[in-house]
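the following block contains a protein sequence and its predicted model.
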Amino acid sequence: MQRFALRQVGLAGLALFLLGLLARTAWTGHVAAAMEGQLKESGRYLKGVTVVVDPGHGGEDPGAVVGGTEEKGLVLEISRMLKEILEQQGATVVLTRDADVSLGGRIRDELGKRVALVSEHKASVFVSIHANKDGCNCWGAQTFYQKKGMPAGKDLALAIQAQLRRLTPTTRTALAANYFVLRTSPVPSAMVEVGFLTNAKEKARLQDPAYQRTVATAVALGLADFFKSQVPQTEAGGAIGQ
Ligand SMILES: [Zn+2]
């Protein structure tokens, strides 16, 4: 009798496991379809724009390090995916680094060289990609804009965060902050913290290339939404890239 009951429990467990797997596959498929559909719809707003994508840290500066996982490597992977997705939509993308390197000099000079690429390439926006570390077991992607900075910077961060909320589990909202690269950039700029390496579940997610691509796509869609929202101003000779 007991053996029979055990078998029943085992079968129920297996059924639940399979159901879970099915639900996960359906969800992943749903997200992928939503991403593709929207890229088709709003991707055209990325055509012809120039974006500086800044993978944070690099070289001797690993950024956040948790259990052997380094922020600098993770954000480079996501930034490369973002570049690829944006280029597929006809954008020009300048990476501030495309290897495990520092741009050289002391911290402010090094960051200044990253921002200088905006003017050098006449870019319309600057997006810095980072990963977070905290003692609070916090999780969730979050976008920042410069406090008391240009209004379009806030618009950009809000647009990216809205897509991150749609495509990733985050419930966070875009926040004002005071970061050197955002403060000194001459164009609308945002910093995306893709998640917390200190949260074990999120750290595992962030190491999954499929999830990295989801994050990159969310940022790309946020950029598309931003450019779409700026179209009337651009046509009237407005603020973008001026
Ligand atoms: Zn960082």
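Ah, there it is.

is it true that residue 81 touches residue 212?
Yes: using Cβ atoms under 8 Å, residue 81 is in contact with residue 212, at 6.0 Å. Any C-beta I mention is one placed from the backbone N, CA and C, and that applies to glycine too.

the ion contacts on the chain?
Counting by Cβ under 5 Å from the ion, the chain comes close to the ion at 56, 63, 130.

return the members of those residues classed as buried.
56, 63, 130 (16 or more other Cβ atoms under 10 Å).

between these, which is closest to residue 226?
The nearest member of these to residue 226, counting by Cβ to Cβ, is residue 130 at 19.0 Å.

list the contacts for that closest one?
Contact analysis of residue 130 by Cβ atoms under 8 Å, 6 or more residues apart in numbering lists 56-57, 63, 71, 75, 191-194.

please enumerate the strands of this protein.
50-55, 65-66, 69-70, 92-95, 125-132, 142-146, 175-177, 189-196 (DSSP state E).

now the angle between strand 189-196 and the fifth one, please.
In other words, strand 125-132. Per axes from the mean of the first three to the mean of the last three Cα atoms, to 10 degrees, the angle that strand 125-132 makes with strand 189-196 is 20 degrees.

who does strand 125-132 pair up with?
Strand 125-132 pairs in its sheet with strand 50-55 (parallel), strand 189-196 (parallel), by DSSP bridges.

taking those strands together, which one is wrapped up most tightly?
strand 189-196 (a mean of 27; mean count of other Cβ atoms under 10 Å).

distance from the chain centre to it, please.
6 Å (Cα atoms, centre = their mean, to the nearest Å).

again with stretch 150-163
Relative to its chain's centre, stretch 150-163 lies at 13 Å (Cα atoms, centre = their mean).

likewise for stretch 98-117?
In terms of Cα atoms, centre = their mean, the centre of stretch 98-117 is set 20 Å apart from its chain centre.

list the buried residues of it.
Across stretch 98-117, burial judged by 16+ other Cβ under 10 Å covers 103, 110-111, 113-117.

residues contacting residue 64?
Here residue 64 is in contact with 70-71, 131-133, 197-198 (Cβ under 8 Å, 6+ apart).

so who does the closest residue to it other than its chain neighbours touch?
The shortest distance from residue 64 to any non-neighbouring residue, by Cβ to Cβ, 6 or more residues apart in numbering, is to residue 133 (3.6 Å). Listed by Cβ under 8 Å, 6+ apart, the contact set of residue 133 reads 64-66, 71, 196-198.

of these, which is the nearest to residue 166?
residue 196 (19.6 Å).

from residue 80, how far off is the closest one?
21 Å (Cβ to Cβ, to the nearest Å).

what pairs with the residue of the chain found nearest the ion across the strands?
As assessed by Cβ to the ion, the ion sits closest to residue 130 within the chain, at 3.4 Å. Beta-bridge partners recorded for residue 130 (DSSP bridges): residue 193.

what about it, distance to residue 106?
Shown here: residue 130 relative to residue 106, a distance of 19 Å by Cβ to Cβ.

which residues of this structure score low on pLDDT?
Low-confidence segments of the chain, defined by pLDDT under 70, span residues 1-6, 9, 23-31, 232-242.

could you pull out the helices in it for me?
2-42, 71-88, 107-120, 151-167, 180-184, 200-206, 209-235 (DSSP state H).

so for residue 138, which of these sits nearest?
Across those, closest to residue 138 is helix 200-206 (Cβ to Cβ), at 8.8 Å.

elements contacting that closest one?
Here helix 200-206 touches strand 189-196, helix 209-235, going by 3 or more Cβ pairs under 8 Å, 6 or more residues apart in numbering; DSSP states H and E.
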